[in-house]
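Undergrad: fold the stuff below for me.
(chains A and B)
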Amino acid sequence: AQSVTQPDARVTVSEGASLQLRCKYSYSATPYLFWYVQYPRQGLQLLLKYYSGDPVVQGVNSFEAEFSKSNSSFHLQKASVHWSDSAVYFCALSPNYGSSGNKLIFGIGTLLSVKP
Amino acid sequence: AQTIHQWPVAEIKAVGSPLSLGCTIKGKSSPNLYWYWQATGGTLQQLFYSITVGQVESVVQLNLSASRPKDDQFILSTEKLLLSHSGFYLCAWSPGLGGLEQYFGPGTRLTVL
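TA: Sure, this is the predicted structure:
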């Protein structure tokens, strides 16, 4: 069965500090992985995606993520956070490809609070 | 550029009343369309998806139904609301063949009393 685990429900960091949000997945084949961000009372915005190739992918707002097949992980990172990065971050996996409709499996989300 | 619009922004409805939520995508032909439900403070659960007009697949049963009357429109509805229907409803689209990433609308917040 496919699943996504975000082990940290809440992360608090100080402004200017580095950040890592953890994501572990369970899937038997090559995964397609995503990170989304949700600001309060808004929809989700795609931060970055991994399909194949270079395990380090760059996203918007200086976010990046590193795929590790050996660790079944796709951790999100940022070198220096800003208070405006405070939001809920979701890791997601897509086990499908093609015309049958793309199923996205989401983790429970990690609430990031950035202290000024 | 593609834009996705959901209506209404928010609804407060009584238990047992009907519901209709809408979603429109502009700037993209023949997208795949999706409905998601998010409980307050929770993760997202895919409810329905559609790859073409008139064809909708149910992913999970929540006493809801969906229809796609036009290429750019996706409707979520029920004849009788339950308290458990409260939450945040998100519409999303993906490019169909060749694209897996989904792009989300602003959402509709539903409160059932």
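Undergrad: pull the number of nearby residues for the residue lying closest to residue B:39 once chain neighbours are set aside.
TA: Counting by CB to CB, 6 or more residues apart in numbering or on different chains, the nearest residue to residue B:39 once its immediate chain neighbours are dropped is residue B:87, at 4.9 Å. (C-beta placed from N, C-alpha, C; glycine too.) The burial count assigned to residue B:87 is 20, neighbours taken as other CB atoms under 10 Å in any protein chain shown.
Undergrad: neighbours of residue 63, just the number please.
TA: Chain wasn't specified; assuming chain A. Look at residue A:63: counted by other CB under 10 Å, it has 21 neighbours.
Undergrad: wait, I meant chain B there
TA: The tally of other residues near residue B:63 (other CB under 10 Å) stands at 11.
Undergrad: give me the low-pLDDT residue ranges for chain A?
TA: Residues of chain A meeting the criterion pLDDT under 70: A:96-101.
Undergrad: centroid-nearest residue for it?
TA: residue A:35 (3.1 Å; CA atoms, centre = their mean).
Undergrad: work out for me the element it sits within.
TA: Taking DSSP states H and E as the criterion, residue A:35 maps to strand A:32-38.
Undergrad: distance from that strand to the middle of the chain?
TA: Put simply, strand A:32-38 sits 5 Å off its chain's centre (CA atoms, centre = their mean, to the nearest Å).
Undergrad: mind listing what's buried along stretch B:14-29?
TA: B:19, B:21, B:23, B:24, B:25, B:28 (16 or more other CB atoms under 10 Å in any protein chain shown).
Undergrad: and it, how far apart are its ends?
TA: By CA to CA, to the nearest Å, the extent of stretch B:14-29 from end to end equals 36 Å.
Undergrad: against residue A:45, how distant is the residue most central in space within chain B?
TA: Of all residues in chain B, the one closest to the mean position by CA atoms, centre = their mean is residue B:35, 3.2 Å from it. Look at residue B:35 and residue A:45: by CB to CB, to the nearest Å, they are 18 Å apart.
Undergrad: what's the answer for residue A:73, then?
TA: The gap separating residue A:73 from residue A:45 is 22 Å, by CB to CB.
Undergrad: quick check: nearest residue in space to the residue nearest to the centre of chain A, chain neighbours excluded?
TA: Using CB to CB, 6+ apart and skipping residues adjacent in sequence, the residue nearest residue A:35 is residue A:47, 4.3 Å away.
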